[in-house]
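[1] Attaching a predicted model along with its sequence, questions to come.
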Amino acid sequence: MSMTKQQFDKNTFKQRVAMFLSSHYAATPETASARQWYLAMGKALAEISTGNLLATEKNLAEQKARSVNYLSLEFLIGRLTGNNLISMGLYQNVADAMEEMGQNLTDLLEEERDPALGNGGLGRLAACFMDSLAAQEYPAVGYGLHYEYGLFRQSFVDGRQVEAPDAWRGLEGYPWEVLRPELNQEVSLYGHVEAYTDENGVECRRWVPAMTVEGVAWDLPIVGYDNNSVYPLRLWECRSNAPFNLARFNDGDYVGAQYSALEAGNVTKVLYPNDNHDQGKALRLMQQYFHCACSVADILRRHEAAGNSIESLSELETIQLNDTHPTIAIPELMRILIDEYKLGWDKAWEISSKTFAYTNHTLLPEALETWSEALIQQMLPRHMEIIFEINHRFMKLVEQTWPGNNEVKRKLSIIQEGPQRMVRMANLCVVSTYAVNGVAALHSELVKRDLFPEFNELFPGRLTNVTNGVTPRRWIKYCNPGLSALISEKVGDDWPANLEKIAGLEKFADDAAFQKRYMAVKKENKQRLADWVEENMGIELDTDAIFDIQIKRLHEYKRQHLNLLNILALYHRLLNDPTFDMHPRVFFFGAKAAPGYALAKDIIFAINKVAEKVNNDPRLGGKLKVVFIPDYRVS
């Protein structure tokens, strides 16, 4: 049932909401809670988007359009309802319909919890890209994991971070997601590799896995702005294929009977399990491989279902790796092409290396991902053979370019020698893809100049830049209605899909009346934030102060502690230097520290303790305040 915005019928919509209230949530308009109203409204809207999702899928399969497959272990998408209403052009219509049912749309939107599918900038970049692809109608599928708990809900007790499970779907499920059991995949793990001779007398290798798990597909709709296209964000949930052993249960072994289900369920239980112990590292690698195996299999399924040959894969599909977390997709595709499609190495490599592209997110050596060869060997023995072969062939190329130079070989090799041999995922990505991008002009230059200069020499043109933008639809139109209205008044209302139109504001830059209105919008937003802080944290803020905001994951390399030192320096000067004066300033922090990262948690504790001291020191006359907002999320 595809009701596009032109055909929206308010009465039909109200009937659907009432129907979901009673049939799904056993409530009447008189007894329903705000949460039940939100869920019923979400279900009625999701009917529209799912219809458009299926129509878009069918349309693309017929067009034989080249698709982007965006692989990311994080998608920090934020709450979907308000954003989707704007993209569907239905915000006002639905607000009116709900008002007629005695409900306030703004209040209902507050009932939604952010889908806990990401943690930081990498996950937000992925969400912005998916929004942008849908807005511009570039055929795309996002592939991620259907985490049961996401990272964690953060609170502070006496300044220290406390983690609680973030059950973002609630007991009732998330209204926008749709289960796609027909897309489920089987994923293999562990076991060994054996050699055999095929019917043509050719020597072949095959993986004999020791266990399998099932990947269950959930689709979330990524709604294109004002265009009726809907692309899937396909999230894989790990389940056991044999969830229950009745014989063992009858023998009284209750835990053992469900052991496989408990094991499999752990794979998509939480975002980034603590990997400061070996079991955590194994679980993290399993998570990465499970994600890649399901996604690559689904891409090949779609490709073949549309009647395409495997040789044409790179002409019709591209796979973008968001950072190194999905790198294992590269040997996975090679394994399928060689072991299952029986292609020779050169043909398989030609297809694979023209299919993958890689986004690099960091220049810091300590932040580049490596995995122990022993762990990959144990969990994915065939993949380790393929990684060795890729490296062996690559080292020949390095030898041709820098004959006898072992220093360059050591630096570029995918295998890092040492007491424990490691696989360098970033090197594997650069060697095996057709494009590598940084996420800002300066970053991309430094990738070429400092991080991978030899790779740049070997593969001229492969290292490029794609500046990471943010979607104006969520970050201006949805979250800043005051500014949006002002922009629309001056440049017309089609700027959210044609961002270059915002340049039309330039001619008002020196217009005093415009400046005044612009600053009034800004002041109103600061007031909203100040009201929230006072209501939720009991800290009073001066909205004439400069708001100085640092929001990102709490990590040593993100340097929140340097910001803290700056605050302490200002505090000291305000108290001890009579000649020093400054405009009032409020420092905001928003960040979660990984549960096992002791130093990061200590930094949070230190910031909170400094905030307590500074905010309650009357000698400062309110010139300096520090606010650490707990449980920061997109909303």
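    Perfect, thanks for sending it.
[2] what about residue 550, which SS state?
    Assigned with DSSP: H, G, I helix; E, B strand; the rest coil, residue 550 falls in the strand class.
[3] quick one: it from residue 626, how far?
    As defined by Cβ to Cβ, to the nearest Å, residue 550 lies at a distance of 11 Å from residue 626. Where C-beta positions appear, they are placed from N, C-alpha and C, glycine not excepted.
[4] Looking at the two now, which is surrounded by more residues?
    Shown here are residue 550 and residue 626; by other Cβ atoms under 10 Å, residue 626 has more neighbours (24 against 16).
[5] Show me where the stretch 351-500 of the chain has its strands.
    Here the stretch 351-500 of the chain has its strands, by DSSP state E, counting those that start in this stretch, at 356-359, 370-372, 415-416, 422-424, 435-438, 463-465.
[6] For those, give me a markdown table that also has mean neighbour count, mean pLDDT and distance to residue 270.
    Putting these into a markdown table (neighbours: other Cβ atoms under 10 Å; pLDDT from 0 to 100; distance: least, Cβ to Cβ, whole Å) gives the following:
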| stretch | mean neighbour count | mean pLDDT | distance to residue 270 |
| --- | --- | --- | --- |
| strand 356-359 | 23 | 97 | 24 |
| strand 370-372 | 18 | 95 | 20 |
| strand 415-416 | 17 | 96 | 28 |
| strand 422-424 | 22 | 96 | 24 |
| strand 435-438 | 22 | 94 | 29 |
| strand 463-465 | 17 | 94 | 34 |
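[7] Can you give me the buried ones in stretch 124-136?
    Going by neighbour count (16 or more other Cβ atoms under 10 Å), the buried part of stretch 124-136 is 124-135.
[8] How about stretch 474-485?
    474-480, 482-484.
[9] any residues touching it, and which ones?
    Contact with stretch 474-485 is made by 78, 82-83, 86, 128, 131, 487, 496, 518, 521-522, 524-525, 634, as judged by Cβ atoms under 8 Å, 6 or more residues apart in numbering.
[10] Just the buried residues from these, in ChimeraX please.
    Selection of buried members from the contacts of stretch 474-485 for ChimeraX, criterion 16+ other Cβ under 10 Å:
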select :78,82,83,86,128,131,487,496,518,521,525,634
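[11] Out of the contacts of stretch 474-485, name the ones that lie in helices.
    Cross-referencing these against helices under DSSP state H gives 82-83, 86, 128, 131, 487, 518, 521-522, 524-525.
[12] Distance to residue 18 and pLDDT added to the residues you listed, as JSON lines?
    Below are the ones in helices among the contacts of stretch 474-485 laid out as JSON lines (distance: Cβ to Cβ, whole Å; pLDDT from 0 to 100):
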{"residue": "82", "distance to residue 18": "22", "pLDDT": "88"}
{"residue": "83", "distance to residue 18": "25", "pLDDT": "88"}
{"residue": "86", "distance to residue 18": "24", "pLDDT": "89"}
{"residue": "128", "distance to residue 18": "36", "pLDDT": "92"}
{"residue": "131", "distance to residue 18": "31", "pLDDT": "93"}
{"residue": "487", "distance to residue 18": "37", "pLDDT": "95"}
{"residue": "518", "distance to residue 18": "43", "pLDDT": "96"}
{"residue": "521", "distance to residue 18": "38", "pLDDT": "96"}
{"residue": "522", "distance to residue 18": "41", "pLDDT": "96"}
{"residue": "524", "distance to residue 18": "36", "pLDDT": "96"}
{"residue": "525", "distance to residue 18": "36", "pLDDT": "95"}
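[13] and which of the residues you listed is nearest residue 110?
    Within the ones in helices among the contacts of stretch 474-485, the smallest distance to residue 110 is 9.8 Å, found for residue 82 (Cβ to Cβ).
[14] got a pLDDT number for the residue nearest to that closest one when sequence neighbours are not counted?
    Beyond its immediate neighbours in the sequence, the residue positioned closest to residue 82 (Cβ to Cβ, 6 or more residues apart in numbering) is residue 109, lying 4.9 Å away. Reading off the per-residue confidence, residue 109 sits at a pLDDT of 91.
[15] Repeat that for residue 5.
    At residue 5 the predicted local distance difference test score is 45.
[16] for the strand or helix carrying residue 284, what is the average pLDDT?
    Under the criterion of DSSP states H and E, residue 284 resides in helix 278-305. Model confidence over helix 278-305, given as mean pLDDT, is 92.
[17] Off-centre distance for the helix or strand following it?
    The helix or strand immediately downstream of helix 278-305 is helix 313-316, counting by DSSP H and E. A distance of 25 Å separates the C-alpha centroid of helix 313-316 from that of its chain, computed with Cα atoms, centre = their mean, to the nearest Å.
[18] packing partners for the helix or strand following helix 313-316?
    Scanning the chain past helix 313-316 towards its C-terminal end, the next helix or strand to appear is strand 317-322 (assignment: DSSP H and E). Using 3 or more Cβ pairs under 8 Å, 6 or more residues apart in numbering; DSSP states H and E as the contact definition, the elements that strand 317-322 packs against are strand 67-71, helix 121-135, helix 278-305, helix 329-335, strand 356-359.
[19] Distance to residue 423 added to these, as a markdown table?
    Formatted as a markdown table, the entries for the helices and strands packed on strand 317-322 read as follows, by distance: least, Cβ to Cβ, whole Å:
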| stretch | distance to residue 423 |
| --- | --- |
| strand 67-71 | 18 |
| helix 121-135 | 20 |
| helix 278-305 | 10 |
| helix 329-335 | 10 |
| strand 356-359 | 15 |
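[20] mind listing what residue 175 touches?
    With contacts defined as Cβ under 8 Å, 6+ apart, residue 175 is in contact with 38-39, 41-43, 45-46, 81.
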